[in-house]
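1. how would this look folded up:
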Amino acid sequence: MEHSQSVHEVLDEILEVLWTRLEEGGEESVPRDRILIGAEPAGDDALSLLQEKGLIRITDGSVQLTDAGFEAARQTIRRHRLSERMFLDIFTVAEEEMEDAACRFEHMLIKPGLEEKICELLGHPRVCPHGRPVPVGECCHRAETLVDKAVAPLNNLRQGERGTIAYVHTGDSERLKKLMAMGILPGEQITLQRRYPSFVFDVGHSSYAVDEGMARAIFVRREGAAKGQASSEQEG
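-> Got it, this is the predicted structure:
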């Protein structure tokens, strides 16, 4: 990283290294001189601080995550990979610049609620831009639990039915940006006004029309029964 790192950032990077070594090679213990921050081995002060916090164990020159450290590393990796996903999918930052941008931003995701909002906005992504898994969060579990009960894609709603946008799920960054420009954001109220020949819906004080592919990407937490009179042609 090019910018000056805080102590907290250095500690997070050590946890990320340990997680990645475990993820890629199954190494539960890593020699301390192979834990690199940039091109340099992690400093003794940082390792000692992590040990004092109960996040790592240092034995015979090797470092291992404790149970608490494993969870802290999981959260750190989740924030980092969500940040990468956001910069690529929403801001279309070039891949060579994405890593540094994600490193800078991930530490802001510690703020309660922000991490979940970004995860929901991105549609609970399963992998980062490098193909590595994004550890699931509570919001992902809730989405999986609710999807069969109360959450449905917009194209499954009845005419006149309303609800709250739960998340957007699309692998197309251009489509995601178009939906965001319409105000399609988690937590916004949405009402499906018409299903045919295109899907027409209200968000806020604006109305939009999209095709079925776009409607399928918008997941809505249903709030009530359909209203209005829908003809069989409109419902078809």
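
2. any weak-confidence spans in this protein?
-> 1-4, 110, 112, 145-149, 224-236 (pLDDT under 70).

3. Tell me the gap between stretch 8-19 and the middle of its chain.
-> 19 Å (CA atoms, centre = their mean, to the nearest Å).

4. Oh, that last question was meant for stretch 29-36, not what I typed.
-> When C-alpha coordinates are averaged (CA atoms, centre = their mean), stretch 29-36 and its chain have centres 29 Å apart.

5. quick one: buried residues of it?
-> Buried residues in stretch 29-36, counted by 16 or more other CB atoms under 10 Å: 29-30, 32, 35. Using the backbone N, CA and C atoms, a C-beta is placed for each residue, glycine as well.

6. what's the spacing between the most centrally placed residue in the chain and Val134?
-> The centroid of the chain falls nearest to Cys119 when counting by CA atoms, centre = their mean (2.8 Å). Shown here: Cys119 relative to Val134, a distance of 8 Å by CB to CB, to the nearest Å.

7. Need the overlap of contacts for the two.
-> Common neighbours of Cys119 and Val134 are listed as 82, 125 (criterion: CB atoms under 8 Å, 6 or more residues apart in numbering).

8. Please, where are all the strands along the protein?
-> Secondary structure of the chain, counting by DSSP state E: strands at 29-31, 36-37, 40-41, 56-59, 62-65, 151-153, 162-168, 189-194, 199-203, 206-210, 218-222.

9. Quickly compare those and say which is most buried.
-> strand 218-222 (a mean of 23; mean count of other CB atoms under 10 Å).

10. neighbours of Asp44, just the number please.
-> Neighbourhood size, Asp44 [other CB atoms under 10 Å]: 10.

11. and what of Glu174?
-> Neighbour count for Glu174, taken as other CB under 10 Å: 10.

12. Which other helices and strands does the helix ranked longest in the chain contact?
-> In the chain, with assignment by DSSP state H, the single longest helix is helix 67-89. The elements that helix 67-89 packs onto, with contact taken as 3 or more CB pairs under 8 Å, 6 or more residues apart in numbering; DSSP states H and E, are helix 7-25, helix 95-106, helix 114-121, helix 173-181.

13. Need those helices in a markdown table (columns: distance to Glu161).
-> Shown next, in a markdown table, are the helices and strands packed on helix 67-89 (distance: least, CB to CB, whole Å):
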| stretch | distance to Glu161 |
| --- | --- |
| helix 7-25 | 42 |
| helix 95-106 | 36 |
| helix 114-121 | 21 |
| helix 173-181 | 19 |
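
14. Figure out which of the ones you listed is closest to Thr76.
-> Among the helices and strands packed on helix 67-89, helix 7-25 comes nearest to Thr76, with 4.8 Å by CB to CB.
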